[in-house]
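Novice: Need coordinates for the below:
(2 chains)
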Amino acid sequence: MPSASATGIVESVVVEAPLETAFTTFTRDIGKWWPRDRHVLRVEVVAMIFEPRVGGSVYDVGADGSESHWATVLVYEPPVRVVFSWDIDPGWQLERDREKRSEVDVRFFSEAPTRTRVELEHRHLDRHGTEWQSMRAAVGSPEGWAYNLAAFEEELRRMGVS
Amino acid sequence: MVAYQADGLTALADPTRRAIFERLLDQPRAVRELAEGLPVSRPAVSQHLKVLKDAGLVIDRPDGNRRIYSVDPEGIAELRAYMERFWRGALLNFKDAAEKSTREQR
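Specialist: Numbering: from 1, shown residues only, chains lettered A, B, ... in the order given. Presented below is the predicted three-dimensional model:
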């Protein structure tokens, strides 16, 4: 398992699924597990598309037909590895500046015919710059303000306020 | 915009500052060492270091008659903690989805 550097994080999970299924679920079926309240689009997301090739996009499709391309596939080696850019700033807005994008590296290891270990490294977080700190300071919530804000917006939508 | 610069809001957006920061990720260094290998003067490096320091990304300590600069691990600690929480939750969702697909395939 790679160790987390000062500018990245490492997370892992063991799933009771064959290697191929784990890889396909992570990539093609990303829409089945991606947290519902974590999207760049401000409209309801009706589909998430993962283009299975180097240079492909990962994007959300909104109910109004709008698209948000928030990642580019950098490495595609089914069923063992996928690397994509993270074109999202810490406020869950699209990051258009290439210099300020981080990177997600996901590796799949078969531990048994129906057990797979998935290791994920999200690195180069320093590239997002210091805007993160400024936003945190402005909002004053150390508990991940973007999360709370998104949940709040979701609640408003449910109540029919916005 | 000028005020933002002073805040260090865009501290790492500048390519030279990024280069300096990345060199400090390798190991702590003094100004002279940083200036070698970079196409900027020593005073310019000092100026960039000040911006990085004000932005909370770099710390320094005295070493004889010079100062040694290093990356402040607290600088992006919040973002690391936030992304850790995000991925921990997302990977648990992923686990459920992969296991559900496996059951359906049987």
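
Novice: Bridged to A:Val82, which residues?
Specialist: According to DSSP bridges, the residues that bridge with A:Val82 are A:Tyr76, A:Val106.

Novice: which residues touch it?
Specialist: A:Phe23, A:Phe26, A:Thr27, A:Val73, A:Val75, A:Tyr76, A:Val106 (C-beta atoms under 8 Å, 6 or more residues apart in numbering or on different chains). All C-beta spots, glycine's among them, are computed from the backbone N, C-alpha and C.

Novice: Which of the three states applies to the first one?
Specialist: When you say that, I think you mean A:Phe23. helix (DSSP: H, G, I helix; E, B strand; the rest coil).

Novice: Quick one: residues contacting it.
Specialist: Per C-beta under 8 Å, 6+ apart, neighbours of A:Phe23: A:Pro78, A:Pro79, A:Val80, A:Val82, A:Phe108.

Novice: repeat that with 7 Å
Specialist: Contacts for A:Phe23 (C-beta atoms under 7 Å, 6 or more residues apart in numbering or on different chains) come out as A:Pro78, A:Pro79, A:Phe108.

Novice: From B:Arg106, how far out is the residue nearest to it when sequence neighbours are not counted?
Specialist: Leaving aside its sequence neighbours, A:Phe23 sits nearest to A:Pro79 (C-beta to C-beta, 6 or more residues apart in numbering or on different chains; 3.6 Å). Separation of A:Pro79 from B:Arg106 (C-beta to C-beta, to the nearest Å): 19 Å.

Novice: In this model A:Val54 seems to touch A:Tyr76, though I could be wrong.
Specialist: Yes - with contacts counted by C-beta atoms under 7 Å, A:Tyr76 reaches A:Val54, the gap being 5.1 Å.

Novice: Which one's more surrounded, the two?
Specialist: Shown here are A:Tyr76 and A:Val54; by other C-beta atoms under 10 Å in any protein chain shown, A:Tyr76 has more neighbours (17 against 14).

Novice: how near is the more buried one to A:Phe50?
Specialist: 10 Å.
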